[in-house]
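**Student:** the sequence and its predicted three-dimensional model are supplied below.
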Amino acid sequence: MTQTNLIQLAAHRRAILDEIVIDHPAKARAHEQFDFVVEHARHREGAGKLCVPLIGPSQSGKSTIVESYMKQKNTPDDVANRKIHVLHVTLEANVTRKGLAQNILESFEDHGFETGFNRGSETALLARVRKYLNYAEVKLLVLDEFHHLVNSENQRVADSVGETIKRLLIKGVCPIVLSGVGDAARRPLKNVQLQQRAMPTIDLRPYSLLDQNDVVEYSRFLMLYLRQFEEKGIVSNATAIVQGDVPSCIVEVTNGVLGATCNLLKEAVRIMTYNGRNHFERCDLADAADLNFVRTGLVVRNPFHLGLSPLRVN
């Protein structure tokens, strides 16, 4: 097979892998929280609403959890009739309080609304946000990249952001999911009054081999994911990598983050394909770890070079 054909095959395989979605272990718990705050809001028409903090490192599965909930609630018929029951807003970096309102209104524009998001004061824009949330019958507002609201280490800035979110909950039409990364996403939650309106945080922390529950959840996810590689005819021995020290090497390289785990394995498939194979060898995982993690400075060593555990070839 020529190099051009190998590139085409590798790209085809990557496209197939990009379509694989395995439910995050925390999906059911998160969706239950979302359903709870939506139902609570139904009983509190005209009164204060609750928020759900969804916090974890990049690639930990926050967006996948939110997107699966949106897919359930935003039916094609409802969207066609301009009923956006779950509105997903991706906040811009270093966004101001006024920018928060603008970002929400811009998200409505993605659904065909004309909101005039770039006109008016902060107060006028927030009032317009409430108007469109009502009109589109939004039942849950998702503020993604929530940590972008805090662009300063100054606690005063965090308090100000907390106050803005609190006002949206007090005067708002719907509950809010606050989805973000790390301490910056947690900082506004130090606002005492906002804390009182918040559900327990859904914390998508990295998986650890020191926690037996983590080991069980991570291993199950890994097996389900790799089984899809085999079922789709891409890697003949994909599930064989759960033997020996390989899983622990994957956890060390990816820090136990599910999205990073998936990316490591996808890169290993590309390397495997370029080498003219449809089965994994340890060197594929080692090379993928070098390219995506060691050379980028995400990790300082590559444990795949240290172990001796071979991979069974089917």
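**Tutor:** Here it is on my side, so go on.
**Student:** which positions within the helix or strand harbouring Tyr69 qualify as buried?
**Tutor:** Using DSSP states H and E, Tyr69 sits in helix 62-73. Counting neighbours by 16 or more other Cβ atoms under 10 Å, one finds that the buried residues in helix 62-73 are 62-66, 68-70, 73. Every C-beta, even on glycine, is put in place using the N, C-alpha and C of the backbone.
**Student:** could you point out which element follows that helix?
**Tutor:** helix 76-80.
**Student:** all helices of this structure, in order?
**Tutor:** Along the chain, counting by DSSP state H, helices occupy 3-18, 27-42, 62-73, 76-80, 97-109, 122-135, 155-171, 182-186, 192-196, 212-231, 246-254, 258-274, 282-289.
**Student:** the first one packs against which elements?
**Tutor:** If I follow you right, that is helix 3-18. Where contact means 3 or more Cβ pairs under 8 Å, 6 or more residues apart in numbering; DSSP states H and E, helix 3-18 is packed against helix 258-274.
**Student:** report the buried residues of the helix it packs on.
**Tutor:** Neighbour-count burial for helix 258-274 [16+ other Cβ under 10 Å]: 258-273.
**Student:** quick one: that helix to helix 3-18, angle?
**Tutor:** Relative orientation of helix 258-274 and helix 3-18, computed by axes from the mean of the first three to the mean of the last three Cα atoms, to 10 degrees: 150 degrees.
**Student:** let's have the chain start at 40 instead
**Tutor:** Okay, residue one is now 40; in that scheme the one you just asked about reads as helix 297-313.
**Student:** contact partners of helix 297-313?
**Tutor:** 45-46, 48-49, 52-53, 56-57, 63, 97-100, 246, 257, 260-261, 264-265, 268, 273-274, 289-290, 292-293, 317-320, 323-324, 326-328, 330-332 (Cβ atoms under 8 Å, 6 or more residues apart in numbering).
**Student:** going through the residues you listed, which ones are buried?
**Tutor:** Buried among these (16+ other Cβ under 10 Å): 48-49, 52, 56, 63, 98-100, 246, 257, 260-261, 264-265, 268, 273-274, 289-290, 292-293, 319-320, 323-324, 326-328, 331-332.
**Student:** ok, the closest residue to Phe73 other than its chain neighbours - contacts?
**Tutor:** Excluding the flanking residues, the one nearest Phe73 by Cβ to Cβ, 6 or more residues apart in numbering is Tyr108, at 5.6 Å. Contacts for Tyr108 (Cβ under 8 Å, 6+ apart) come out as 69-70, 73, 125, 179.
**Student:** let's see that with 7 Å instead.
**Tutor:** By Cβ atoms under 7 Å, 6 or more residues apart in numbering, the residues touching Tyr108 are 70, 73, 125.
**Student:** can you redo those residues as TSV with pLDDT?
**Tutor:** Shown next, in TSV, are the contacts of Tyr108 (pLDDT from 0 to 100):
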residue	pLDDT
His70	96
Phe73	97
Val125	96
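**Student:** can you tell me the closest non-neighbouring residue to His150?
**Tutor:** In space, His150 is closest to Ile123, 5.6 Å off (Cβ to Cβ, 6+ apart).
**Student:** does the one you found touch Asn113 like I think?
**Tutor:** Yes. With contact defined as Cβ atoms under 7 Å, Ile123 reaches Asn113; the gap is 6.5 Å.
**Student:** good, we can wrap up now.
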